[in-house]
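Engineer: Build me a model:
(2 chains)
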Amino acid sequence: MSLHRKVIIILFSTIIGANMLLGIAPLNTNLGKLISTRLDPIRWTIGLGQKWDMFHSIPTHHSLHVYLTAKDTSGKESRYGAGLPNFREILPKKLIRYHYTFLRLFQAPINQSFKESYIKSISQALHKVDPDLREFIIHFEHGRINTLESIRKGANIATIKTEKFGPYKVQGKVER
Amino acid sequence: MNIFSLLWLKDIDPRRYAITRIGFALLFFSHFLHFFPYRETILSNVGMSQPSVARIGFHELTGGTSISLFNHFQSSSEITVVLIIAIIASLILAWGKWARTALFVCFFVQLSIVHRAPASTTGWDSILTNFGFILLFSPLGKEWTPWNLYKKWNKKQIVPYNPRYGLVLIQIQVFIIYWHTVIQKLGDHYWAKGESITYFLLSHHGRFTGSWPIAWHDLFDKINYLTLIIELAIPVLLWIRNTRKLGLWLGIGLHLSITILGINLALFSLTMIASYLAFIDPWVTHSKLINSSK
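Structural biologist: The predicted structure is shown next:
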């Protein structure tokens, strides 16, 4: 192997290795935040993001169901699934990415852009389905696991809470 | 310089890269197949978000710049074609022909999914993207098709040798993934109280429904702490040759348990188990000879 190639390999490996080692600092510490702020733009652009928090905070959701209701000009209400483009019913327990997606959209403010885009996409798709529809609501029904102590004493595994987002206007494509 | 040379450039049997390449190719294959049902809702312009918003959203979440293919290929049919190409590329990668090009296709499609839909990504997306990047710049043992490998598994004299940096980088990444997650867990209320496994089994991830985990909580409390110890130990045990088998048993056991007791986590387990390929060395005696004779 030529000296040039050796030097390139050593430089490449040392830089990539150092990036990984810097990833060990948890993101909730000051050091972790500092490293993340400086390096994340490059890391995530090229595919070397270091965010390994899977299961650090354990899941406390027992169930999740998202659906829509829309009213037309006469006040008649219809129910739709939350899956675009066809408004099919989505079962997040079967297709786990939808579970993550909906939780992030409706419970993490940092995903506001995606939430707004989803609402806009629903609005336009509903208009295509039925131009008489005027407004819609997103129903976010999630079961949060009760404390182990209360389940032991006879409570249900989870308490279901329904949050409603909207009403939002149904409108066709809007020029941006 | 000598330390760096020893760490990154030590010669190893090229078949080690070949088994890692084949393992990750099959992982990419499973991953793209798994993603197929989501493609229209998550990636297309008639799905949950518009590509223009995804670009902004990706930047807001990570600070990075979205270079996703799916910013350009936006319709359902275009996305289907891209995913089919990625599935074919993963099979070509496993075979070894045009391995670098096939890996680039797999990696770039995977990176594009993360860039297009960061709100829909999972832990194994990040792991796969990282390993894909490392492999992209590593030897791939591409002269070794699965068939050749099977036929010449017991052959002793294998030339040319390959520098080991790619496998060492994957090993470091595995170490960081396990240790980082344990450090995070140590600061978590549920893990500290020994309740994490019970909650996990009661959650949407639990395969066997009902309140049965409550009755077994005393056992799960101990498994909670044991899991942390095992996760800390796995990379260390895998690194040391004499304890590697124990590390493999513990790691595979842990991830198989997650797959059996939890739903929707098979790909995560498969990803972690595939990463162990970077540690195993079935041709250990021969590798020792290569380096001692130099």
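Engineer: Which parts of the chain belong to which domain?
Structural biologist: No chain was given, so I picked chain A. Listed domain ranges for chain A are A:3-46, A:61-169 (source: automatic domain parsing).
Engineer: oops, I was thinking of chain B
Structural biologist: According to automatic domain parsing, the ranges for chain B are B:12-141, B:164-294.
Engineer: Give me the contacts around the longest helix anywhere in chain A.
Structural biologist: Taking DSSP state H as the criterion, chain A has its longest helix at helix A:3-22. Applying CB atoms under 8 Å, 6 or more residues apart in numbering or on different chains, the external contacts of helix A:3-22 come out as A:35, A:39, A:43, A:48, A:50, B:1, B:4-5, B:7-9, B:134, B:137, B:163, B:165, B:168-169, B:172-173, B:176. No exception for glycine: its C-beta is placed from N, CA and C like everyone else's.
Engineer: Secondary structure element holding B:L246?
Structural biologist: Using DSSP states H and E, B:L246 sits within helix B:244-261.
Engineer: gap between the helix or strand following that helix and the chain center?
Structural biologist: The helix or strand immediately downstream of helix B:244-261 is helix B:266-275, counting by DSSP H and E. Using CA atoms, centre = their mean, to the nearest Å, the mean C-alpha position of helix B:266-275 is found 6 Å from that of the whole chain.
Engineer: can you tell if helix B:266-275 touches chain A?
Structural biologist: Yes - if you take CB under 8 Å from any CB of the partner chain as the test, helix B:266-275 does meet chain A, through B:F268.
Engineer: Which strands and helices lie in contact with that helix?
Structural biologist: Helix B:266-275 sits against helix B:14-35, helix B:123-136, helix B:165-186, helix B:244-261, with contacts defined as 3 or more CB pairs under 8 Å, 6 or more residues apart in numbering or on different chains; DSSP states H and E.
Engineer: And the strands in chain A?
Structural biologist: Along chain A, the segments classed as strands by DSSP state E run A:61-72, A:77-81, A:133-145, A:158-169.
Engineer: Turn those strands into a markdown table, columns for mean pLDDT.
Structural biologist: Shown next, in a markdown table, are those (pLDDT from 0 to 100):
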| stretch | mean pLDDT |
| --- | --- |
| strand A:61-72 | 95 |
| strand A:77-81 | 96 |
| strand A:133-145 | 95 |
| strand A:158-169 | 95 |
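Engineer: I'd like a version of the ones you listed in a markdown table, one that adds distance to B:N154 and mean neighbour count as further columns.
Structural biologist: Shown next, in a markdown table, are those (distance: least, CB to CB, whole Å; neighbours: other CB atoms under 10 Å in any protein chain shown):
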| stretch | distance to B:N154 | mean neighbour count |
| --- | --- | --- |
| strand A:61-72 | 51 | 19 |
| strand A:77-81 | 56 | 14 |
| strand A:133-145 | 53 | 19 |
| strand A:158-169 | 55 | 14 |
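Engineer: Tell me the helices and strands packed up against the helix holding B:L246.
Structural biologist: Secondary elements touching helix B:244-261 (3+ CB pairs under 8 Å, 6+ apart): helix B:217-239, helix B:266-275.
Engineer: any idea which of the ones you listed is most buried?
Structural biologist: Compared across the helices and strands packed on helix B:244-261, helix B:266-275 shows the largest average neighbour count, a mean of 21 (mean count of other CB atoms under 10 Å in any protein chain shown).
Engineer: Separate out the buried members of the contacts of helix A:3-22.
Structural biologist: Among the contacts of helix A:3-22, those buried by neighbour count (16 or more other CB atoms under 10 Å in any protein chain shown) are A:35, A:39, A:43, A:48, A:50, B:4, B:8-9, B:134, B:163, B:165, B:168-169, B:172-173, B:176.
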